[in-house]
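*Asks:* Next comes the sequence, and after it the predicted model I'd like to discuss.
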Amino acid sequence: MSTTAEKPDSAASAWLPPSAPERLGILRNTKSIAIVGASNKPSRASYFVATYLQSSSPYRLYFVNPVVDEILGQKTYASLADLPETPDVVDVFRKHDDLPGVLQESIDVGAKTLWLQLGSWHEDVAREAEAAGLKVVMDRCVKIEHARFHGGLNLAGFNTGVISSKRQVTS
């Protein structure tokens, strides 16, 4: 069994992802992010995302991993229910079959948005989340989206190649 579902053709998909302005709105209204499936291994995507968000964003970060005590100098939590506050965004780095359980935890704690990382697509979970009042983003990276909207793609491991007539601001 595959650990990720294939993203269907847009014509076959009934679920509509949020537009760029809607994703920007989610990020602008976010104060806290829980990274479910956070890892203390620098080679993992969740670690890279956490490092970027910790250094380049205003968000309060919470790392959810029941088998690790600390990530990037911060305490980890075994579940969303153990967090000291309700996260605005639940950023998920878990396999496909775990997504329904993460959704239920997100609903139970009152999160506002369920964000499934690149390569993660689960339309049933998306429909259930929206029916429960959550916003849903799938197959997108919080780090990339934050950098895209805040001009930091070149700092996030991407050379944007933008040619502009505006004078570059240097510090």
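*Replies:* Arrived safely.
*Asks:* wait, what's in contact with the closest residue to residue 70 other than its chain neighbours?
*Replies:* Sequence neighbours aside, residue 76 is the residue nearest to residue 70 in space, at 6.2 Å (criterion: Cβ to Cβ, 6 or more residues apart in numbering). The C-beta positions use only the backbone N, C-alpha and C, and glycine is treated the same way. Contacts for residue 76 (Cβ atoms under 8 Å, 6 or more residues apart in numbering) come out as 38, 63-66, 68-70.
*Asks:* Okay, and the beta partners of residue 76?
*Replies:* Here residue 76 sits in beta bridges with residue 63, going by DSSP bridges.
*Asks:* okay but residue 87 is in contact with residue 110, surely?
*Replies:* No. Between residue 87 and residue 110 there is no contact under Cβ atoms under 8 Å: 9.1 Å.
*Asks:* out of these two, which sits in the busier spot?
*Replies:* residue 87 (26 against 13; other Cβ atoms under 10 Å).
*Asks:* okay, and for the chain, where does confidence drop off?
*Replies:* Counting by pLDDT under 70, the low-confidence segments of the chain come to 1-13, 152-171.
*Asks:* quick one on the thing from earlier: do you know how far the residue nearest to residue 70 is from residue 67?
*Replies:* In this view, residue 76 and residue 67 are 9 Å apart by Cβ to Cβ, to the nearest Å.
*Asks:* same check, this time on residue 95
*Replies:* 15 Å.
*Asks:* Between these two, which is the more surrounded one?
*Replies:* residue 95 (13 against 8).
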